[in-house]
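Participant: here are the coordinates; sequence isn't available:
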């Protein structure tokens, strides 16, 4: 994934720094609470939300379970509609393909629609290294790019910035990239949006190559869908001569009709709107309207590894709405950067370790970046059971075991730093298999209860530092049951 | 092995647990959700469209065929546009009273030239009441996508009741996926600054919808 994240500290350390930043916490709290309330209102307008959610889940599950068939169907229909399909097994290959396609046009700059997939593969950096400048055109992406910053939210990558900070970034940085910000730029959102409009206008009007992702790809028709708000997407999809779309292989839906589910659930979950301002759909190329050349780059980059995990594969249902980020108590306090990935928040904590593996310190720590409260599952429009996948991934980190990496079956070794946990679990397993030992242990625990420390010593200290140790009862349950014949003789 | 075969091979190995006789698509996807939300008369559906368009800051007008040319003239005059883009198949009567110079979209027209045109007038393919959405499909009365994108003022005429549906599922049924579609719900907007919606970034910042019927 993107090189910008190399060397990230593990989640707890990164989160500790973020929590100590009062501006960041204020910005995040304000933004997530605003959108949370609005989303609840937008969802409540639809009496059949549960049925839409279930249909969305089933459509995505069915597609994933027959992904080979739908990929081939999509390839055929895109090709028949005048597009060219490329396959990229990993980030490097996708970057090489896009770089080559841009070079073949003879151009040295591209305009970009906001796209998670191209961030994931670090496309901008790869193009830069080949002398091609990529201009981000989504307002939040522009803020991130101009501020030499990293995205911290799926939908609103600059959510960690408030209006004053954005004003300063525009005032200081726009001139280096093109048209400078107007003099006396204020920090009102309308003024900031106007500055972005003027800055990007000249780029749109001269652009010859557009690069996008897609929210959905329809297998039966070969149609791609981009959902957006500002019109920068329409600019990039319509004005250039060449359009290159980089899309994860899991973005397929089988039929045109399936869009009736997601075009209802995505906007309401994402920006809490009945409908986002603009949705563009295109099928290959159209004579005399829009790009004359269309390339679709289908990206794997770890997705098939996630698909091989029968518990974890549900994360591939994700439609990138970001509702789970907005409700997450951990995200609200730690912010998006602590997750060390372009996919932050609860969905990032299950997606990133599956796409990248759990060998790095940050990736192994991500399944623990959650209180397992389940709010993310509740709001997910495709019903991804994020807590279930988190627990599953924790097990993989602690115990190791079989997994698939880059298409190959591997046996993961247990991660370091979980020795005490493993020892405790082994001891518990042994005790539960030996009733006599369990009884003796329980009696000992009950009789010595006044002597128990409030925190665990040694390696258990970190664990009990944030948790209350349960107090054992004065009498073990099984003793009580025998003594009172299950409560019949209870006094 | 090329990457296509590599990826498809990985997918097939990853799905080794999926039984060959698994449920078909039709069986696997229950569609117990509603075709539309609530029961409305045609008139109520049109009112809902107007209400939702207004809620997202589109300006809604109503006119009959006789009033339409004068209304378009007035809206263009109020905007002060010197030039107006017209798609090739726009009914000439709509523009009969309008003062601005008509600019016809020819292939030779550059985006820079279109950027100097103040307004555009089009029809639409379908309008969705529940979401306050109009959909353009590039038909002759709507023109190429770029003409409804670059000018800052878009006047869109919706035929009522024929072009109005209640819901998203009903709209998709009517639309042709092979055409390039643009779904528009209010003027350009962003929520990127502190997650507050602000109207106006790159698309037309002024959207006026005329309900014609």
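Facilitator: Yep, that arrived. These numbers were taken from a predicted model, which means no experiment stands behind them.
Participant: Could you say which helix or strand holds residue A:371?
Facilitator: Counting by DSSP states H and E, no helix or strand carries residue A:371.
Participant: Same question for residue B:151.
Facilitator: Per DSSP H and E, there is no helix or strand for residue B:151.
Participant: got it, and residue B:72?
Facilitator: helix B:68-79.
Participant: For my notes, confirm residue A:227 occurs in a strand.
Facilitator: Yes: secondary structure assignment (DSSP: H, G, I helix; E, B strand; the rest coil) places residue A:227 inside a strand.
Participant: re the thing from before, now do the helix holding residue B:72: everything it contacts.
Facilitator: Contacts to helix B:68-79, defined as CB atoms under 8 Å, 6 or more residues apart in numbering or on different chains, come from residues B:61, B:63, B:84, B:93-100, B:118-119, B:121, B:153, B:155, B:157, B:206, B:208, B:210, B:212. Where C-beta positions appear, they are placed from N, C-alpha and C, glycine not excepted.
Participant: Can you spell out which residues form a bridge with residue A:88?
Facilitator: Beta-bridge pairing for residue A:88 (DSSP bridges): residue A:299.
Participant: tell me the contacts of it?
Facilitator: A:94, A:97, A:246, A:297-301, B:3.
Participant: Okay, it and residue A:96: tell me how far apart.
Facilitator: From residue A:88 across to residue A:96, the span is 8 Å (CB to CB, to the nearest Å).
Participant: what's the answer for residue A:452, then?
Facilitator: Residue A:452 sits at a distance of 60 Å from residue A:96 (criterion: CB to CB).
Participant: What of residue A:481?
Facilitator: For residue A:481, the distance to residue A:96 (CB to CB) stands at 68 Å.
Participant: just residue B:10 next, same as before
Facilitator: 19 Å.
Participant: now residue A:396
Facilitator: In terms of CB to CB, residue A:396 sits 31 Å off from residue A:96.
Participant: who has more neighbours, these two?
Facilitator: When residue A:396 and residue A:96 are compared for neighbours, residue A:396 comes out ahead with 24 against 14, by other CB atoms under 10 Å in any protein chain shown.
Participant: In terms of helices and strands, where is the more buried one?
Facilitator: Going by DSSP H and E, residue A:396 is in helix A:386-399.
Participant: List the buried residues of that helix.
Facilitator: A:386-390, A:392-394, A:396-398 (16 or more other CB atoms under 10 Å in any protein chain shown).
Participant: Please list all residues in contact with residue A:38.
Facilitator: residue A:272.
Participant: Now flag whichever of the contacts of residue A:88 is closest to residue A:346.
Facilitator: residue A:301 (20.7 Å; CB to CB).
Participant: Quick check: closest non-adjacent residue to residue A:442.
Facilitator: Distances taken as CB to CB, 6 or more residues apart in numbering or on different chains put residue A:476 closest to residue A:442, at 3.9 Å, once the chain neighbours are dropped.
Participant: Does anything pack onto the helix holding residue A:396? Which helices or strands?
Facilitator: For helix A:386-399, the elements it packs on are helix A:345-356, helix A:375-379, helix A:419-432, judged by 3 or more CB pairs under 8 Å, 6 or more residues apart in numbering or on different chains; DSSP states H and E.
Participant: switch the cut-off to 7 Å
Facilitator: helix A:345-356, helix A:375-379 (3 or more CB pairs under 7 Å, 6 or more residues apart in numbering or on different chains; DSSP states H and E).
Participant: now, of those helices, which is deepest in the fold?
Facilitator: Comparing the helices and strands packed on helix A:386-399 by mean neighbour count (mean count of other CB atoms under 10 Å in any protein chain shown), helix A:345-356 comes out on top with a mean of 28.
Participant: what distance separates the helix or strand following it from the centre of its chain?
Facilitator: Downstream of helix A:345-356, the next assigned helix or strand under DSSP H and E is helix A:361-365. The chain centroid and the centroid of helix A:361-365 are separated by 15 Å, computed with CA atoms, centre = their mean, to the nearest Å.
Participant: which one among the contacts of residue A:88 gets closest to residue A:419?
Facilitator: Out of the contacts of residue A:88, the member with the shortest distance to residue A:419 (by CB to CB) is residue A:301, at 32.6 Å.
Participant: Check whether the residue of chain B found nearest chain A sits in a helix, strand or coil.
Facilitator: Going by CB to the nearest CB, chain A is nearest to residue B:203 of chain B, at 2.7 Å. With three-state DSSP as the basis, residue B:203 sits in coil.
Participant: residues in contact with it?
Facilitator: A:231, A:234, A:278, B:149, B:187-188 (CB atoms under 7 Å, 6 or more residues apart in numbering or on different chains).
Participant: Quick check: which ranges of chain B have low pLDDT?
Facilitator: Within chain B, not a single segment meets pLDDT under 70.
Participant: residue ranges of the strands in it, please?
Facilitator: Remark: strands assigned in chain B by DSSP state E are B:59-63, B:83-86, B:101-104, B:119-122, B:126-128, B:133-136, B:153-159, B:164-165, B:181-184, B:189-190, B:198-199, B:206-212.
Participant: Distance check, the residue in chain A that chain B sits nearest to against residue A:384.
Facilitator: Using CB to the nearest CB, the single residue of chain A nearest to chain B is residue A:231, 2.7 Å away. As defined by CB to CB, residue A:231 lies at a distance of 30 Å from residue A:384.
Participant: So between the two, which is more surrounded?
Facilitator: Taking other CB under 10 Å, residue A:231 and residue A:384 do not tie; residue A:231 has more neighbours (29 against 24).
Participant: That one and residue B:188 touch, don't they?
Facilitator: Yes: counting by CB atoms under 7 Å, residue A:231 does reach residue B:188; the two are 4.3 Å apart.
Participant: Mutual contacts of the two, please.
Facilitator: By CB under 7 Å, 6+ apart, the residues touching both residue A:231 and residue B:188 are B:201-203.
Participant: and the most centrally placed residue in chain B, what does it touch?
Facilitator: Note on chain B: the residue nearest the mean C-alpha position is residue B:135, at 2.8 Å, using CA atoms, centre = their mean. Taking CB under 7 Å, 6+ apart as the criterion, residue B:135 is in contact with B:124-126, B:171, B:175, B:181, B:183.
Participant: Give the closest residue to the residue of chain A closest to chain B in space, chain neighbours not counted.
Facilitator: residue B:203 (2.7 Å).
Participant: Give me the pLDDT value at the residue lying closest to residue A:39 once chain neighbours are set aside.
Facilitator: Excluding its sequence neighbours, the residue lying closest to residue A:39 (CB to CB, 6+ apart) is residue A:272, at 4.2 Å. Residue A:272 carries a pLDDT value of 93.
Participant: Tally up the residues packed near residue A:272, please.
Facilitator: Using other CB under 10 Å, residue A:272 has 22 other residues around it.
Participant: Am I right that it is in a helix?
Facilitator: No: counting by three-state DSSP, residue A:272 falls outside a helix, being coil.
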